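Colleague: Next comes the sequence, and after it the predicted model I'd like to discuss.
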Amino acid sequence: MKKNKFLIYKPTKSAMQSGYNNSRKWCLSNNDINESFMSSKFCWNGSSNPEKQIKLFFDDLESAINFAKKNKYDYEVQMPNKRSLIKKSYAENFLKKG
């Protein structure tokens, strides 16, 4: 029996989202399932494995790791990239450079 690998990560915000409220939780999702097929009638992509669609959300990283360990999942943690902010004033748009 093949053991699936799970990925623990912090999801990024969507392009339609201005705030970061929904990107604070950690997500555990199945990363290795590639059992997909194409329907001959409609040419849709499908999968015979429903585990591919399951995503579990946790409040912190430790909870996600403890859940994976308790269920004996093989997991990998992907740490989020830090966002660098460049503070500028609105007046800098109108100052001549050079």
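Modeller: Happy to help now that I have it. Residues are numbered from 1 along each chain as shown.

Colleague: which stretches of the chain have low pLDDT?
Modeller: By pLDDT under 70, the low-scoring segments of the chain are 1-3, 20-22, 31-35, 48-52, 98.

Colleague: in it, which spans are helices?
Modeller: In the chain, the helices defined using DSSP state H lie at 61-70.

Colleague: Excluding sequence neighbours, find me the nearest residue to the residue most central in space within the chain.
Modeller: Central residue check for the chain by CA atoms, centre = their mean: the C-alpha nearest the mean position is that of P11, 3.5 Å away. On the basis of CB to CB, 6 or more residues apart in numbering, the spatially nearest residue to P11 that is not a chain neighbour turns out to be C27, at 5.2 Å. (Each C-beta comes from the backbone N, C-alpha and C, glycine too.)

Colleague: Please name the residues that touch that neighbour.
Modeller: I8, Y9, K10, P11, K55, L56, F57, F58, A64 (CB atoms under 8 Å, 6 or more residues apart in numbering).

Colleague: so of those residues, which ones are in strands?
Modeller: Restricting these to those inside strands, with DSSP state E as the criterion, leaves I8, Y9, K55, L56, F57, F58.

Colleague: Could you report the separation of the last one from C27?
Modeller: What that stands for is F58. With the distance defined as CB to CB, to the nearest Å, F58 ends up 8 Å from C27.

Colleague: sorry, back to before: report the buried members of the contacts of C27.
Modeller: When the contacts of C27 are checked for burial by 16 or more other CB atoms under 10 Å, the buried set is I8, Y9, L56, F58, A64.

Colleague: For K72, see how far away the fourth one is.
Modeller: It stands for F58. For F58, the distance to K72 (CB to CB) stands at 17 Å.

Colleague: Bridged to S29, which residues?
Modeller: Note on S29: beta-bridge partners by DSSP bridges are L7, K55.

Colleague: you'd agree it is up against A64?
Modeller: No - the pair S29 and A64 does not pass the contact test of CB atoms under 8 Å, sitting 10.5 Å apart.

Colleague: Identify the residues contacting L28.
Modeller: Each residue near L28 by CB under 8 Å, 6+ apart is listed here: F6, L7, I8, K55, L56, F57, F58, A64, F67, A68, Y75.
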